[in-house]
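>>> A predicted structure for the sequence below; I have some questions about it.
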Amino acid sequence: MEFALSEEQGILSENIKKMFDDNISIDNIRDHSKGDKSLRKNIRESIIDMGLPGLMIPEEYGGSGLGVLEASLVAEQIGSHAVPSPWIGNSIMAPTAILFEKDNHLAEKWLPLIVSGEITVCISLSEVIGKRADLGLIVSEDKVSGINIFGIDGELNPAIIITAVKNNLILIETDNNGVEINEIPTIDSTRPVVEIIFDSSNYTIIPGGKEAIQKTIDVGRIGFAGDLLGASQNMLDKAVEYSLERKQFERVIGSFQAVKHMCAEMAAALEPCRSLMWYAAYSQDFISDEANLLACHAKAHLSEVAQDIARTSTQVFGGMGFTDLLGMHYWFKRIGLSRQILGGPERVRKEAALIQGFEI
């Protein structure tokens, strides 16, 4: 049995890589981190032109009708290039949530707008994962008030916000609805997260209950696993490239056994993660019995491996590794934030243990 990407999936990944290669440089990312939003605007336009926002949305709503595996391949390239544009919340989690139960009016209203790029969707599930004791949401009749933090893809004035309360996903429209969105400063300038303040905001329940919440989290974790894989691969590639250029004692440092071992161990740790991510993503659409557990495994394992690669690849660069001149710190910081969103590895491993019946 051959376990590999199809020809079409390979072409999709290569085309997206080429698009990002042509449009993103380290200078662009550096300017973006200093407040220049032109990269975010240009990349968003390119993503819309390629029809990517509707990748997972069925053709009947104008989308491509592809699956979580294809979306995770896009996430991998986004992580590899540190793309500052909505993806995991807007194009993976939101369609999954809205489509959890078929033929509902929310799909007809919002999915075509996501496909066209006319709107973006912010996902904020801090009520379910990582809720702070002094924050939270309060529901009174048909209105919700309170604060959500670490919202994903909320940087482009989203038209709707999807969050969770009382074992249900709810959808809140942002226009004239008592919603305030503020970016939260973090170490990662390439992926903004937001704080959302609701003040007696009207909401609509998304059908599906607890199962819809869990499925939305699972596909989001797969998306972050893909992002971590891409960011790790980029740091590894850059470290190897540098080791073959930098000379010490009239030899490239890549010829020294210690550096060889560092690079080889990174490659050996990362390569199995690729098939793990593929299988976990595939299971979301085709192996429902394993989907929840595999999403936990992929997110937790990639989080740990990525952290190790971020640290080790930086060491290969020596003192240059964390300077802005090389810019590797953008991926280092992106990995640091990505491993915590939707649950850090410790929390996610605990969930995996409970799924398998272990007593914690």
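Arrived safely, thanks for sending.

>>> what residues of stretch 264-277 count as buried?
Applying a neighbour-count criterion of 16 or more other Cβ atoms under 10 Å, one finds 266, 269, 270, 273, 276, 277 buried in stretch 264-277. Backbone N, C-alpha and C define where each C-beta goes, glycine included.

>>> for residue 180, state which of those residues is nearest.
Within the buried residues of stretch 264-277, proximity to residue 180 (Cβ to Cβ) peaks at residue 277, which comes in at 35.8 Å.

>>> hmm, that closest one is touching residue 299, no?
No: with contact defined as Cβ atoms under 8 Å, residue 277 and residue 299 do not form a contacting pair (9.5 Å).

>>> shared neighbours of those two, anything?
Any residue near both residue 277 and residue 299 by Cβ atoms under 8 Å, 6 or more residues apart in numbering counts here, and that gives 222, 225.

>>> if I look at the closest residue in space to residue 356 that isn't next to it in sequence, how far off is residue 45?
Across the structure, with Cβ to Cβ, 6 or more residues apart in numbering as the measure, the residue nearest residue 356 apart from its sequence neighbours is residue 293 (6.9 Å). Applying Cβ to Cβ, to the nearest Å, one obtains 38 Å for the distance of residue 293 from residue 45.

>>> out of these two, which sits in the busier spot?
For residue 293 versus residue 45, the count of surrounding residues by other Cβ atoms under 10 Å is larger for residue 293: 17 against 13.

>>> what about stretch 137-144, start to end distance?
Looking at stretch 137-144, the gap from its leading to its trailing residue is 7 Å under the measure Cα to Cα, to the nearest Å.

>>> tell me the mean pLDDT for it?
Regarding stretch 137-144, the rounded mean pLDDT is 89.

>>> now swap in stretch 300-320 and tell me
95.

>>> buried residues, that stretch. List them.
By neighbour count with 16+ other Cβ under 10 Å, stretch 300-320 contains the buried residues 300-307, 309-310, 312-314, 316-317.

>>> which of these fall in helices?
In helices, judged by DSSP state H, the following of the buried residues of stretch 300-320 are found: 300-307, 309-310, 312-314, 316.

>>> which among those residues gets closest to residue 223?
Looking at these and their distance to residue 223, the nearest is residue 302, at 11.0 Å (Cβ to Cβ).

>>> so who does the closest one touch?
With Cβ under 8 Å, 6+ apart as the criterion, the residues that contact residue 302 are 224, 225, 228, 229, 232, 273, 276, 277, 339.

>>> can we see that at 6 Å?
By Cβ atoms under 6 Å, 6 or more residues apart in numbering, the contact list for residue 302 reads 225, 228, 229, 273.

>>> what does residue 116 give?
Listed by Cβ under 6 Å, 6+ apart, the contact set of residue 116 is empty.

>>> what does residue 95 give?
Residues counted as contacts of residue 95 (Cβ under 6 Å, 6+ apart) are 56, 57.

>>> tell me which element residue 73 is part of?
Element membership of residue 73, judged by DSSP states H and E, is helix 68-80.

>>> which element follows that helix toward the C-terminus?
Sequence order places helix 94-98 as the next helix or strand after helix 68-80, per DSSP H and E.
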